[in-house]
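Asker: Need a 3D model of the sequence below.
(4 chains)
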Protein chains: 2
Amino acid sequence: MEKQRKRAPSQRSLQTREKILDAAERVFAERGFDGASIRDIAAAAGVQAGLVHHHGGSKEALFARTVARRAETLSQLRLDALENRRAAGPLTARDLLDCFMGPYIHMAGSGGPQWLAYARLVAHVSADPRWRDLAADWFDPTARRFIAELAALSPGADPRRVAAGFVYAVAAMLAHLTSGWRVGALGLAEGGAEAGDLLDFCVAGIEATLAPAAM
Amino acid sequence: MEKQRKRAPSQRSLQTREKILDAAERVFAERGFDGASIRDIAAAAGVQAGLVHHHGGSKEALFARTVARRAETLSQLRLDALENRRAAGPLTARDLLDCFMGPYIHMAGSGGPQWLAYARLVAHVSADPRWRDLAADWFDPTARRFIAELAALSPGADPRRVAAGFVYAVAAMLAHLTSGWRVGALGLAEGGAEAGDLLDFCVAGIEATLAPAAM
DNA sequence: GCTTATTTTGGTCGATCGTTCAAAATAAGT
DNA sequence: ACTTATTTTGAACGATCGACCAAAATAAGC
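Answerer: Numbering: from 1, shown residues only, chains lettered A, B, ... in the order given. Here you go, the predicted model:
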């Protein structure tokens, strides 16, 4: 049984893979998993439908790949921000939330339209129990880390309260990133809400959950 | 052109309508609009597929009907709670948020499993720009009312900041109601987070947005 | 009880879905 | 340049989708 020799993927292939992932990100973000068709994604990428399967595997695998791609980058940005901030001195709740939310907000604002699509994609993932394991694999480790850091700020805090507060903060962040389609409806500014408002809201909320439990 | 005489719908028909709406609520909540099929809904309701169209119209109309049914009840509960609380004395931010969230939390907890399904359904609506108009029609009027009440508490507050904070609070509430499938993953209690934690978080966050803008 | 409108059934329609595949085109290795 | 593996095309496959309809069953009005 001779080993079949593998060959490194061509550069053209790598470009196509990214084109397909970008297209999948946009289409999945707009219409969700079931609303998006392989043919829609292929058309958005400018390739044939069969090619999507060749590069992305099944539709579920493609979806998982799309979620995973930026999740890795995002986690690294968050953890790096945390280390840098820690080196600068003692951490506050605002520091921690800024390290967690800052990279996402920044990339969504100036990292190109793909990052904004990714935020909408994550909103779909969060709304569908079907992707529980996917979300747990890619988001929970970093979330757990930040929850632990937050809980460590207040020795008397109830860890479950802090975890709940963190979930609320993440939900608010996703709402902030995806509220573009609500613009104007509720008196929000044209370009959506300000990132500072989000941070103020979440810091105050988290600090409330950090307070020692009342008797 | 003789007017064709209408006939009142039979009671059996009304029961079937509700069975179908309940089934649609469950299936739409679990799999979203595109993931749910008319046949799935019909099977869950124990009727034939054609009957779903007869009672609910097109799939989109059925979805809209499903969203609208409890939205009406919910708005009324919220506005009633607001009037009752107002009669008891001057309102605080906590009062207002409790009037808005309380009915939902209460119905989700003890109003039967259908109300919990409805919360997941609303999460899908919030994640999909396709239902912008639907959400605006059924949720915005009441939301606007509560935003105005909140803003009135603090004359120096920026209305847009308050609106943003309210959107964050709603997102946190939906996360609270639908976080059952995250239970345990992040250290949350088995039965999900406590409603009190949600209210504490949101009150603190909203009060932060009510503070007069710094110079 | 007879008539009429409504409710329900069971099946079918064309369209579109995810997936597969053989063949053509392209690029890499020697 | 020749060989070989990979990438891409274009077209199919069966399954399932939303929607529709004629006929049967049921209930309401007289």
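
Asker: Only C-alpha atoms from now on, for both contacts and neighbour counts.
Answerer: Will do.

Asker: so after the biggest helix by length in chain A, what's the next helix or strand?
Answerer: Across chain A, the longest stretch assigned as helix under DSSP state H is helix A:59-87. Using DSSP states H and E, the helix or strand that follows helix A:59-87 in sequence is helix A:93-110.

Asker: still on that earlier bit, tell me the helices and strands packed up against the longest helix of chain A.
Answerer: helix A:11-35, helix A:49-56, helix A:93-110, helix A:113-127, helix A:132-153 (3 or more C-alpha pairs under 8 Å, 6 or more residues apart in numbering or on different chains; DSSP states H and E).

Asker: what about that helix, average pLDDT?
Answerer: Averaged across helix A:59-87, pLDDT comes to 96.

Asker: For it, list every residue counted as buried.
Answerer: A:59, A:62-68, A:71, A:74-75, A:77-79, A:81-82, A:85 (16 or more other C-alpha atoms under 10 Å in any protein chain shown).

Asker: go on, stretch A:142-157?
Answerer: In stretch A:142-157, counting by 16+ other C-alpha under 10 Å, buried: A:142-144, A:146-147, A:149-151, A:154, A:157.

Asker: circling back to that earlier point, columns mean pLDDT and distance to residue B:133 on top of the helices and strands packed on helix A:59-87, output as CSV?
Answerer: Converted to CSV, the helices and strands packed on helix A:59-87 look like this (pLDDT from 0 to 100; distance: least, C-alpha to C-alpha, whole Å):
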stretch, mean pLDDT, distance to residue B:133
helix A:11-35, 92, 16
helix A:49-56, 95, 32
helix A:93-110, 95, 25
helix A:113-127, 94, 18
helix A:132-153, 96, 28
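
Asker: ranking those helices by burial, who's on top?
Answerer: Stretch with highest mean neighbour count among the helices and strands packed on helix A:59-87: helix A:113-127 (a mean of 22; mean count of other C-alpha atoms under 10 Å in any protein chain shown).

Asker: Now tell me what touches it from outside.
Answerer: A:22, A:25-26, A:28-30, A:32, A:67, A:70, A:107-109, A:131-132, A:135, A:174, A:177-178, B:120, B:123-124, B:127-128, B:178 (C-alpha atoms under 8 Å, 6 or more residues apart in numbering or on different chains).

Asker: In terms of residue numbering, what are the domains of chain A?
Answerer: A:10-57, A:68-210 (automatic domain parsing).

Asker: In TSV, list those along with distance to residue B:90.
Answerer: Below are the domains of chain A laid out as TSV (distance: least, C-alpha to C-alpha, whole Å):
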stretch	distance to residue B:90
domain A:10-57	44
domain A:68-210	23
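
Asker: which one of the buried residues of stretch A:142-157 sits closest to chain B?
Answerer: Closest approach to chain B among these (C-alpha to the nearest C-alpha): residue A:144, at 6.2 Å.

Asker: What separation do you get for the closest one and residue A:162?
Answerer: Distance of residue A:144 to residue A:162, given as C-alpha to C-alpha, to the nearest Å: 11 Å.

Asker: ok, now residue A:42?
Answerer: With C-alpha to C-alpha as the criterion, residue A:42 and residue A:162 are 43 Å apart.

Asker: Show me which of the two is the more surrounded one.
Answerer: The residue with more neighbours, out of residue A:42 and residue A:162, is residue A:162; 27 against 22, by other C-alpha atoms under 10 Å in any protein chain shown.

Asker: Figure out the helix or strand that the more buried one lives in.
Answerer: helix A:159-178.

Asker: circling back to that earlier point, closest one to DNA strand C among the domains of chain A?
Answerer: domain A:10-57 (3.4 Å; C-alpha to the nearest atom of the strand).

Asker: near DNA strand C, anything from the closest one?
Answerer: Yes: Domain A:10-57 comes into contact with DNA strand C (C-alpha under 7 Å from any atom of the strand), by way of A:10-12, A:34, A:36-40, A:49-51, A:53, A:57.

Asker: now that domain, how far from the chain's geometric center?
Answerer: Distance of domain A:10-57 from the chain centroid (C-alpha atoms, centre = their mean, to the nearest Å) equals 19 Å.

Asker: Could you do stretch A:160-177 as well?
Answerer: That offset, for stretch A:160-177, works out to 13 Å (C-alpha atoms, centre = their mean).

Asker: quick one: contacts of that stretch?
Answerer: A:101, A:105, A:108, A:116, A:119-120, A:122-123, A:147, A:150-151, A:192-193, A:195, A:198, A:202, A:205-206, A:209-210, B:167-169, B:171-173, B:175-176, B:186-189, B:193, B:197-198, B:201.

Asker: Try it again at 7 Å.
Answerer: Contact with stretch A:160-177 is made by A:119, A:123, A:147, A:151, A:193, A:198, A:202, A:205-206, A:209-210, B:168, B:171-172, B:175, B:186-189, B:193, B:197, B:201, as judged by C-alpha atoms under 7 Å, 6 or more residues apart in numbering or on different chains.

Asker: ditto for stretch A:90-102
Answerer: A:78, A:81-82, A:150, A:203.

Asker: run the last query once more with 6 Å
Answerer: Contacts to stretch A:90-102, defined as C-alpha atoms under 6 Å, 6 or more residues apart in numbering or on different chains, come from residues A:78, A:81-82, A:203.
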